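> Sequence unavailable; structure follows:
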């Protein structure tokens, strides 16, 4: 990003992503069906708590809604804006990742819910796919990530443990794909921000995992 215009657009995409991410699918679905998901179960507005408190249908709707709100802005930025601007692969990745980070922040810190949102698992997954589904190493890593998440959750029944593991996809992918390029460090820092926010939101889960009191999926 070498011009003031590109910096400005990056900020605008971050903000636009935030407002997309602020739409809390689980919260609005629960309200429509007479539930305040914030006061049920774990109090989280994400997929796992929607599944636990309102059933499989609510869990599925929440999951798909959270995927959609991440896919829409990131894919538009990647395949419309960046292609129109003629950005190369590295710059396209950074701009799309910035947009996805905005969505992620909006999901976990929605302004109208007093900045108490979900933990961002589905959103992070959508951002991973949207930014790195390039048919090469990204596609293989996405497949490996899905399998690894399924194995961890299937064996332990801890969604949090699977999430805290696969979120490391970001720096690993960046290091394998963009090592030595001009955008490596900024992309790495953005990936580490995802990890830091994910671990902050899962602080309670981490404590319960260590103490053996974490709630299992089923």
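That came through fine. All of these numbers come straight from a predicted model, not from anything done at the bench.

> Where does pLDDT dip in the protein?
Applying pLDDT under 70 to the chain flags the ranges 1-2, 218.

> And the helices in it, which stretches?
4-21, 25-32, 47-54, 56-76, 82-85, 89-108, 121-132, 137-156, 159-166, 169-178, 184-201, 203-211 (DSSP state H).

> The residue most central in space within the chain and residue 104: what is the separation?
Note on the chain: the residue nearest the mean C-alpha position is residue 124, at 1.7 Å, using C-alpha atoms, centre = their mean. Distance of residue 124 to residue 104, given as C-beta to C-beta, to the nearest Å: 6 Å. Every residue, glycine included, has its C-beta placed from N, CA and C.

> same thing with residue 163?
Distance of residue 163 to residue 104, computed by C-beta to C-beta: 13 Å.

> what touches both of those two?
Residues touching both residue 163 and residue 104 (C-beta atoms under 8 Å, 6 or more residues apart in numbering) are residue 124.

> what's the burial count for the residue nearest to residue 37 when sequence neighbours are not counted?
Of all residues not flanking residue 37 in the chain, residue 30 sits nearest, at 4.0 Å (C-beta to C-beta, 6 or more residues apart in numbering). A count of nearby residues for residue 30, using other C-beta atoms under 10 Å, gives 23.

> can you tell me which residues contact residue 30?
Residues near residue 30 by C-beta under 8 Å, 6+ apart: 36-37, 40, 45, 50, 53-54, 58.

> tell me which of those residues is nearest to residue 195?
For the contacts of residue 30, the closest approach to residue 195 (C-beta to C-beta) belongs to residue 45, at 21.2 Å.

> Please name the residues that touch the closest one.
So residue 45 contacts 24, 26-27, 30, 37-38, 113, 117-118 (C-beta under 8 Å, 6+ apart).

> re the thing from before, who touches both of residue 124 and residue 104?
Jointly contacting residue 124 and residue 104 under the rule C-beta under 8 Å, 6+ apart are residue 194.
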